[in-house]
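A.B. asks: Below are the sequence and a predicted model; questions follow.
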Amino acid sequence: MKKRLVVSFCLFAMIVTLAYAQTSDDGFQTGTIVAFERAAADAQHMENEDYYNVMMKIGDTVYKCRTSGPAATFIDWSINKQFPAQLNEKAKTILVKSPSGETVTMNIKGKKVQK
């Protein structure tokens, strides 16, 4: 009986440890897209990529951001969609993990704290 209890406790401890290790997100938290808009590239300067204006809410703050990249990266991005995001206010960037596995860097252009 005692052995079963010890083995059960050890298995439970291993399961809890594995679950905790999988939730390790390296500083990422949930970011929710509040607004998403694709802006066309400048016709006079075709070397410039298409860019996207994104407003993302992290915690109680909404960040106005701009990013660029291939359209395939942003195919699953829409309002109220949540992504793992890592805020770096010092560098004025937000790193976002997209569903395709890519990490997108967004440049912060402004922010507003919601009450």
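C.D. replies: That came in fine, so what should we check first?

A.B. asks: which residues sit in contact with the closest residue to residue 27 other than its chain neighbours?
C.D. replies: Excluding the flanking residues, the one nearest residue 27 by CB to CB, 6 or more residues apart in numbering is residue 86, at 5.1 Å. The C-beta positions use only the backbone N, C-alpha and C, and glycine is treated the same way. Each residue near residue 86 by CB atoms under 8 Å, 6 or more residues apart in numbering is listed here: 26-29, 94-96.

A.B. asks: Now the two most distant members of those.
C.D. replies: 26 and 94 (14.4 Å; CB to CB).

A.B. asks: on that earlier part again, return the subset of the contacts of residue 86 lying in strands.
C.D. replies: Among these, DSSP state E puts 29, 94-96 in strands.

A.B. asks: From residue 112, how far off is residue 53?
C.D. replies: From residue 53 across to residue 112, the span is 15 Å (CB to CB, to the nearest Å).

A.B. asks: Name the residue in those two with the higher neighbour count.
C.D. replies: residue 53 (15 against 11; other CB atoms under 10 Å).

A.B. asks: Now name the helix or strand holding that one.
C.D. replies: Residue 53 belongs to strand 51-58 when assigned by DSSP states H and E.

A.B. asks: Can you name every helix or strand that that strand contacts?
C.D. replies: Applying 3 or more CB pairs under 8 Å, 6 or more residues apart in numbering; DSSP states H and E, we find strand 51-58 packed against strand 29-39, strand 61-68, strand 82-88, strand 93-97.

A.B. asks: Report the buried residues of stretch 62-78.
C.D. replies: Using 16 or more other CB atoms under 10 Å as the test for burial, stretch 62-78 gives 62-65, 67-68, 73-74, 77.

A.B. asks: Let me know the closest of those to residue 1.
C.D. replies: Distances from residue 1 to those, taken by CB to CB, are shortest for residue 77, at 55.5 Å.

A.B. asks: Does that closest one belong to a helix, a strand or coil?
C.D. replies: Assigned with DSSP: H, G, I helix; E, B strand; the rest coil, residue 77 falls in the coil class.
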